[in-house]
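1. Coordinates only, no sequence provided:
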């Protein structure tokens with residue numbers, strides 16, 4: 001009788017132990033998922049903040065590039081290059097559209113000009129940029145058409 005009771009107690013203890021182990025493993029998995037979600041949210045928040053900052057800095061880069069066209073100064077070129085290098089290190093990259101077929105996801109056609117080819121970006125009026133593989137700002141461009149019909 002005593003042995004039977006002890007066996008039943010042992011079985012109950014094993015079952016309780018298994019239940020606690022399963023609860024512990026579920027709680028641990030939930031906590032690890034929570035840590036990952038918090039980490040991902042921190043990264044995403046940082047990227048959103050960086051995107052906002054980059055959007056505010058791009059006009060400054062545009063002005064430096066325009067000034068460089070009119071003012072031939074090695075110091076100005078050095079500042080512009082260093083500024084772009086810093087932005088590039090953060091993750092900013094220029095969208096390459098010149099000489100390529102017009103893509104409305106990457107560029108905005110500001111003007112249509114006559115050319116040998118159809119829908120080719122012939123001139124960039126304002127550069128476009130990506131940040132983290134997403135288009136931050138589309139380029140403003142001139143696009144070719146084979147023949148422009150005047151109305």
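-> Yep, that arrived. What you are looking at is a predicted structure, and each value in this text was computed from that prediction instead of being measured. Numbers count the residues shown, from 1 in each chain.
2. Report all helices and strands that the longest helix seen in the chain contacts.
-> Looking across the chain with DSSP state H, the single longest helix is helix 2-70. With contacts defined as 3 or more C-beta pairs under 8 Å, 6 or more residues apart in numbering; DSSP states H and E, helix 2-70 has these neighbours: helix 74-90, strand 129-131, strand 134-137. Quick note: C-beta positions are derived from backbone N, CA and C, even for glycine.
3. a markdown table for the ones you listed, including mean pLDDT and distance to residue 111?
-> Below are the helices and strands packed on helix 2-70 laid out as a markdown table (pLDDT from 0 to 100; distance: least, C-beta to C-beta, whole Å):
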| stretch | mean pLDDT | distance to residue 111 |
| --- | --- | --- |
| helix 74-90 | 95 | 26 |
| strand 129-131 | 97 | 21 |
| strand 134-137 | 96 | 18 |
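4. would a markdown table of the ones you listed with distance to residue 26 and mean neighbour count be doable?
-> As requested, the helices and strands packed on helix 2-70 are exported to a markdown table (distance: least, C-beta to C-beta, whole Å; neighbours: other C-beta atoms under 10 Å):
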| stretch | distance to residue 26 | mean neighbour count |
| --- | --- | --- |
| helix 74-90 | 40 | 12 |
| strand 129-131 | 39 | 17 |
| strand 134-137 | 36 | 15 |
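5. Out of the ones you listed, which is closest to residue 33?
-> Nearest of the helices and strands packed on helix 2-70 to residue 33, taken as C-beta to C-beta: strand 134-137 at 25.9 Å.
6. which helices and strands sit right next to the helix or strand that the closest one is followed by?
-> Next in sequence after strand 134-137, counting helices and strands by DSSP states H and E, comes strand 139-145. For strand 139-145, the elements it packs on are strand 107-114, strand 121-126, judged by 3+ C-beta pairs under 8 Å, 6+ apart.
7. Residue 111 reaches residue 142, doesn't it?
-> Yes. Contact criterion C-beta atoms under 8 Å: residue 111 and residue 142 qualify, at 4.6 Å.
8. Mind listing the shared neighbours of the two?
-> Counting by C-beta atoms under 8 Å, 6 or more residues apart in numbering, the shared contacts of residue 111 and residue 142 are residue 125.
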